[in-house]
Every structure is written in C-alpha cells, then in structure tokens.
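[1] any chance you can model this:
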Amino acid sequence: MNVSFTFLRPFARFLVPFTLQRKTNGVYSTILQRYMSSKIPPVPCPNKESTSPPEQLELDGWKITMKSSVQEEGASTASDSKDEDPVAATRELIEMWRLLGREVPEHISEEDLKTIMESPSKSSKRKYLKYLYIKEKMKKARQIKKEMKAAAKEEAKTDRTTEENKQRDFLFLRLWDRNIDSAMGWKGAQAMQFGQPLVFDMVYENYMKPKELQNAVCQLLESEGCNRRNVDPFHIYLCNLKTDGDYYRELVKRYRERWDKLLLTATEKSHVDLFPKEDIIYLTADSPNVMTTFKHDKIYIIGSFVDKSMQPGASLANAKRLKLATECLPLDKYLQWETGTKNLTLDQMMRILLCVKNTGSWEEALKFVPRRKHTGYLEISQYSQEFLNQLKKPKTFNPFPKGSLNVCTKKR
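    Model prediction:
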C-alpha cells in the first residue's frame, strides 16, 4: 500500500486538479437539477404500452362539423318557413346566400322572385340567381360605358365651342359641318321647287322577304344621301308608300326624328295620279327599249325592289298594266356582259342618273356599275363606231361641177 502511494506521489501534482474539477462539476449539476425541479411541476411519464396519440383538431373534421351545423340550420329554417310566408322565406334564403358571398343580384323583381320560388331545387335557384347576377353586372357596365360616352361627347362639344370662338378672329372662314348641312338643305329645298322629279315606286313590298326589304331601305338611304350631296339633285318622290306598311315602318325606324325633316315627298298616291302618263318613263332591266339619251323633261320611275329570288318581269308587268313607256340602260352598248342579270341596286341607279344628267356621258356614268358584273368596257361604242364609219367613206373633191366641161366645149 505504501509502495503504491510512494509510486503515485510524483504524479499527485497532476491528478489533483482533475479530481477537483470533477467534484465541482458534480456540485453544479446537482444544484441545477434541484432548481429546475422546484420551478417545473413533475409530469408523470406514462408507460410506452399505455400511451395514446394526442388529440389533434383536424381542418377536415372542422369543415364537416360546420357543414352539418349549416344544414341543420337550413333544415330548421325550411321547417319554420313552411309555416311562414313563402315569399319571405325565399327572401331570407337569398339574403343568407348573399351574406355567404355567393353570386346574388342586388335587386330582384317580383317576377324573378316568383320564378325562384317555383324552382324545384336549390341548385336551380342558385343557377337562376347567378344568371340574374351576371345580367345585372352587364347592365351596370353598359350604364357606366354610356355615361362615359356622354361625358366624352359633352367634353368634345365644349372643346368645339371654344375652338369656334378662337377661329372667329381669323381672316378666312372655315366651313363647319353645320354650314355644309345648311348648304345641302338649301339645295334640297331648291330641288323640291325647281328640280326634276325622280320617283321611287314603293309598291313592291309584298314581293320581298323581310331581309330583302331591309336591304332595299338601306339602298334608299344611300340614294337619298347621294342625291343630297350632288350639285344638281333630283326632287325625290316616294310614291305608293303606305303608312301602315313595312316599308314605312322601316324607314321611320332608320331615320328616327329626321324623317319629318327630309327634303323629299312621301305619299300614298301613285305616280300616275301625280304626273301625266305621257311624261313618265319606267326604268326596268326587262324593257326592250334602250335608253339612248337622258331627257330632262321626262319623269323617270325606279322600282324600289331588291330581287334576290329572281322574279323577272315584275316591274315590266306593272308598267305595262299602267300603260307607261319603259326603257333600260344601254349596258350592252358600253360594257362587255358575259353572264348574269343586268339588275342594279337603287343607289347605283341614282349615281348613274345623276352623272348622265350632269355630264351627258354614258362612259362616265357607267363607271358606277360594279366591275364584278362585267368583264370590261368596249373600246369603241356603237355611236363612235358609226361616226368613224362616216369619216372613212371616200370623198373625192371635184372643182368643176358636173356638165361644166361640156358647156365650155359647146361654146368653143
């Protein structure tokens, strides 16, 4: 024992610090354990065999519980609504859906509410409410757009008035739209007093389908605008225009409040009752008589008829029944026609007649015929060809008249 102590004595200097350090660490650990045990209550540690998973609140379970509660409330409200007024119950249901954030309109009429009440299921009610919601949303968008347009129009009007006030001090005058309109109105008023009449026969409304009649009205509007802008306009007559007919309703629908301000004559009378028969010429593509020159003392009749179903001879039969002279445009003499009918629209007829009236040139007037209807213009017209043939005839110049030489020889 002494031997071992004496053997370890030289190393005691190195072993003592390590032993002291271990003791101090043990003291610190015991103090820390006592302090923590005094602050934290002891929790029993259950055995592994008897442990059960902690209870957790799942989101799916919460949703199922909430849905069941809502269904129970809906069922209770439905049972209570049987005793109450069905209208009030429906309104409460709609209000509940609105609070839940569903697509429900703000305002519901009595008819729509009745339709919702008569719906057999909740899904049909929900779909109908969604339809009303979308419809109301679109109506609001249209109203907002309309208000924006009105504001922009009012702003443009104010800008125009300010610009007009600025332009008054200039040396040169500027032609505004209202000045041009007044000038055209003055020309129309002159045409109604002194202009050559041009009649549109409106008796063919029963020959056309509704789509064809609408097309004819569009052509009439284009013809009236073209005539109003011309230098020397016609005095337009709309004869056989019945006030209870489809033609009249469609014209009033298109012109609206401007119908009563148009510078033309619309009447239910026939053109035979207004003008003498010997001065009337009915223009129809089926006529055998070709129009050679424009006659300024005649009254030309155009049948306001859009013939898409190919009813040839309708206007010619009407003219023969009234015993009127008929003519057709000289299309074959100036244009190369291969196939197809020679029927032109009302606005094309108006442009051709205005041009030939002002210029007297068929070559210029027939430029308004669409190029799809013919293959081109003839190089030399028939009348020009006759004039050239007369020039080609040989003409010999004889300074001595016939028999003058014989007289002279007899005197000698």
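[2] C-alpha from now on. contacts and neighbour counts both.
    Noted.
[3] what segments of the stretch 251-400 of the chain are strands?
    With strands called from DSSP state E, counting those that start in this stretch, the stretch 251-400 of the chain shows them at 265-266, 280-283, 299-303, 325-327.
[4] in its sheet, what does the first one sit against?
    Right, strand 265-266. strand 235-239 (parallel) (DSSP bridges).
[5] in the stretch 301-412 of the chain, which ranges drop under the pLDDT threshold?
    308-310, 338-341, 379-412 (pLDDT under 70).
[6] now with 90?
    304-316, 330-345, 359-412 (pLDDT under 90).
[7] what segments of it are helices?
    314-321, 331-334, 346-359, 362-365, 382-392, 404-411 (DSSP state H, counting those that start in this stretch).
[8] any idea which of the strands of the stretch 251-400 of the chain gets closest to E111?
    strand 265-266 (44.2 Å; CA to CA).
[9] what sits up against that closest one?
    Applying CA atoms under 8 Å, 6 or more residues apart in numbering, the contact partners of strand 265-266 are H235, I236, Y237, L238, C239, L241.
[10] now that strand: mean pLDDT?
    In this model, strand 265-266 has a mean pLDDT of 92.
[11] distance check, Y133 against G101.
    12 Å (CA to CA, to the nearest Å).
[12] same list, the strands of the stretch 251-400 of the chain, but as TSV with mean neighbour count please.
    Formatted as TSV, these follow (neighbours: other CA atoms under 10 Å):
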stretch	mean neighbour count
strand 265-266	16
strand 280-283	21
strand 299-303	20
strand 325-327	20
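[13] on that earlier part again, so Y133 and G101 - more neighbours on which side?
    Y133 (19 against 9; other CA atoms under 10 Å).
[14] where's that one relative to L113, distance?
    Relative to L113, and taking CA to CA, Y133 is found at 13 Å.
[15] what does E205 give?
    From E205 to L113 the distance is 44 Å (CA to CA).
[16] what does Q143 give?
    24 Å.
[17] more neighbours: which of the two?
    Using other CA under 10 Å, the more surrounded residue of Q143 and L113 is L113, with 17 against 12.
[18] which neighbouring elements make contact with the host helix or strand of the more buried one?
    Per DSSP states H and E, L113 falls inside helix 110-117. With contacts defined as 3 or more CA pairs under 8 Å, 6 or more residues apart in numbering; DSSP states H and E, helix 110-117 has these neighbours: helix 86-99, helix 122-167.
[19] which outside residues touch it?
    Against helix 110-117 from outside (CA under 8 Å, 6+ apart): P86, V87, T90, K125, Y128, L129.
[20] still on that earlier bit, now for the strands of the stretch 251-400 of the chain, which one comes closest to D273?
    Of all the strands of the stretch 251-400 of the chain, strand 280-283 comes closest under CA to CA, at 11.4 Å.
[21] could you name the helices and strands sitting against the closest one?
    Going by 3+ CA pairs under 8 Å, 6+ apart, strand 280-283 lies up against strand 299-303, strand 325-327.
[22] and it, which strands flank it?
    Strand 280-283 has these strand partners (DSSP bridges): strand 299-303 (parallel), strand 325-327 (parallel).
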